[in-house]
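Chemist: The following comprises the amino acid sequence and a computationally predicted model.
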Amino acid sequence: MLELAGYQVLESTGPSDALKVMAERAADVRLILSDLVMPGMNGLDLAHRLQQLQPGLRTLFMSGHVDRDLVQRLSGRAAAPFLRKPFTMETLLARVADAMEISPTLRTLASSCPV
(Lines give C-alpha, C1' and ligand atoms only; values in the text may rest on other atoms or scores of the structure.)
Protein backbone atom coordinates (compact mmCIF):
# COMPACT_ATOMS: atom_id res chain seq x y z
CA MET A 1 0.00 0.00 0.00
CA LEU A 2 2.76 2.45 0.85
CA GLU A 3 4.63 1.79 -2.38
CA LEU A 4 1.41 2.38 -4.36
CA ALA A 5 1.23 5.79 -2.69
CA GLY A 6 4.79 6.62 -3.76
CA TYR A 7 6.69 5.86 -0.56
CA GLN A 8 10.00 4.01 -0.71
CA VAL A 9 9.76 1.02 1.63
CA LEU A 10 12.61 -0.88 3.24
CA GLU A 11 11.33 -4.22 4.48
CA SER A 12 12.66 -6.51 7.15
CA THR A 13 11.76 -10.04 8.15
CA GLY A 14 11.80 -9.32 11.88
CA PRO A 15 13.41 -7.25 14.61
CA SER A 16 16.99 -8.47 14.12
CA ASP A 17 16.76 -7.90 10.37
CA ALA A 18 15.30 -4.42 10.98
CA LEU A 19 18.34 -3.57 13.10
CA LYS A 20 20.63 -4.68 10.26
CA VAL A 21 18.69 -2.72 7.66
CA MET A 22 18.77 0.38 9.84
CA ALA A 23 22.51 0.04 10.48
CA GLU A 24 23.06 0.00 6.70
CA ARG A 25 20.45 2.55 5.61
CA ALA A 26 19.76 4.84 8.61
CA ALA A 27 20.10 8.00 6.51
CA ASP A 28 17.30 6.78 4.21
CA VAL A 29 14.79 6.02 6.97
CA ARG A 30 12.28 8.65 8.14
CA LEU A 31 9.61 6.45 9.72
CA ILE A 32 9.44 3.08 11.46
CA LEU A 33 6.20 1.18 10.81
CA SER A 34 6.28 -1.77 13.18
CA ASP A 35 3.93 -4.32 14.58
CA LEU A 36 3.75 -4.17 18.36
CA VAL A 37 3.72 -7.94 18.88
CA MET A 38 6.54 -9.89 17.25
CA PRO A 39 8.67 -12.90 18.16
CA GLY A 40 11.93 -12.04 19.87
CA MET A 41 11.28 -8.35 20.57
CA ASN A 42 8.19 -6.15 20.79
CA GLY A 43 7.75 -3.08 18.59
CA LEU A 44 8.37 -0.59 21.38
CA ASP A 45 11.75 -2.10 22.22
CA LEU A 46 12.65 -2.33 18.53
CA ALA A 47 11.76 1.33 17.98
CA HIS A 48 13.87 2.33 20.97
CA ARG A 49 16.88 0.47 19.57
CA LEU A 50 16.35 1.88 16.07
CA GLN A 51 16.04 5.41 17.47
CA GLN A 52 19.42 4.94 19.12
CA LEU A 53 20.84 4.56 15.60
CA GLN A 54 18.90 7.60 14.37
CA PRO A 55 17.60 9.91 17.12
CA GLY A 56 14.30 11.62 16.30
CA LEU A 57 13.16 8.82 14.01
CA ARG A 58 9.36 8.81 13.81
CA THR A 59 7.31 5.73 14.67
CA LEU A 60 3.94 4.25 13.79
CA PHE A 61 2.86 1.06 15.51
CA MET A 62 0.24 -1.42 14.35
CA SER A 63 -1.34 -4.56 15.72
CA GLY A 64 -4.37 -6.78 15.45
CA HIS A 65 -4.06 -7.98 19.04
CA VAL A 66 -2.33 -6.05 21.74
CA ASP A 67 -0.80 -7.07 25.02
CA ARG A 68 -2.22 -4.83 27.80
CA ASP A 69 1.29 -4.06 29.09
CA LEU A 70 2.35 -2.85 25.65
CA VAL A 71 -0.76 -0.67 25.33
CA GLN A 72 0.04 0.98 28.67
CA ARG A 73 3.65 1.54 27.62
CA LEU A 74 2.51 2.90 24.25
CA SER A 75 0.03 5.31 25.83
CA GLY A 76 2.89 6.79 27.83
CA ARG A 77 4.68 7.80 24.62
CA ALA A 78 3.40 11.12 23.30
CA ALA A 79 4.75 10.61 19.78
CA ALA A 80 3.67 7.03 19.17
CA PRO A 81 0.66 6.80 16.86
CA PHE A 82 -1.13 3.45 16.71
CA LEU A 83 -2.95 1.72 13.85
CA ARG A 84 -5.31 -1.16 14.63
CA LYS A 85 -5.44 -4.04 12.10
CA PRO A 86 -7.19 -4.51 9.80
CA PHE A 87 -7.00 -1.06 8.23
CA THR A 88 -7.74 0.53 4.88
CA MET A 89 -5.22 2.16 2.59
CA GLU A 90 -6.81 5.53 3.35
CA THR A 91 -6.37 5.03 7.09
CA LEU A 92 -2.78 3.82 6.68
CA LEU A 93 -1.82 6.80 4.53
CA ALA A 94 -3.47 9.25 6.92
CA ARG A 95 -1.62 7.76 9.91
CA VAL A 96 1.68 7.76 8.04
CA ALA A 97 1.13 11.40 7.07
CA ASP A 98 0.32 12.27 10.69
CA ALA A 99 3.37 10.40 11.98
CA MET A 100 5.62 12.15 9.48
CA GLU A 101 3.85 15.50 9.97
CA ILE A 102 3.05 15.83 6.28
CA SER A 103 1.05 18.92 5.33
CA PRO A 104 -2.75 18.56 4.88
CA THR A 105 -2.44 19.20 1.12
CA LEU A 106 0.02 16.35 0.63
CA ARG A 107 -2.08 14.14 2.92
CA THR A 108 -5.14 14.72 0.70
CA LEU A 109 -3.13 13.79 -2.39
CA ALA A 110 -1.78 10.65 -0.72
CA SER A 111 -5.20 9.53 0.50
CA SER A 112 -6.68 9.90 -2.98
CA CYS A 113 -4.13 7.50 -4.46
CA PRO A 114 -5.92 4.74 -6.43
CA VAL A 115 -5.60 1.18 -5.19
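Modeler: Cool, got the structure. Residues are numbered from 1 along each chain as shown.

Chemist: Which helix or strand contains Leu44?
Modeler: helix 43-53 (DSSP states H and E).

Chemist: partners of the helix or strand following that helix, with directions?
Modeler: Next in sequence after helix 43-53, counting helices and strands by DSSP H and E, comes strand 58-63. Strand 58-63 has the following sheet partners, assigned by DSSP bridges: strand 31-35 (parallel), strand 82-84 (parallel).

Chemist: Tell me the buried residues in the helix holding Leu44?
Modeler: 43-44, 46-47, 50 (16 or more other CB atoms under 10 Å). Every C-beta, even on glycine, is put in place using the N, C-alpha and C of the backbone.

Chemist: about what we covered before: who wins for proximity to Thr13 among the strands paired with strand 58-63?
Modeler: When the strands paired with strand 58-63 are compared for distance to Thr13 using CB to CB, the nearest one is strand 31-35, at 12.2 Å.

Chemist: Please enumerate residues in contact with the closest one?
Modeler: Residues outside strand 31-35 that contact it (CB atoms under 8 Å, 6 or more residues apart in numbering): 2, 18, 43, 46-47, 50-51, 57-63, 96, 99-100.

Chemist: Give the rounded mean pLDDT of it.
Modeler: For strand 31-35, the mean pLDDT works out to 93.

Chemist: So which helix or strand of the protein has the lowest pLDDT on average?
Modeler: Sorting the helices and strands of the chain by mean pLDDT, DSSP states H and E puts helix 104-111 at the bottom, at a mean of 44.

Chemist: ok so, going back, off-centre distance for the helix holding Leu44?
Modeler: Computed by CA atoms, centre = their mean, to the nearest Å, the chain-centroid distance of helix 43-53 equals 11 Å.
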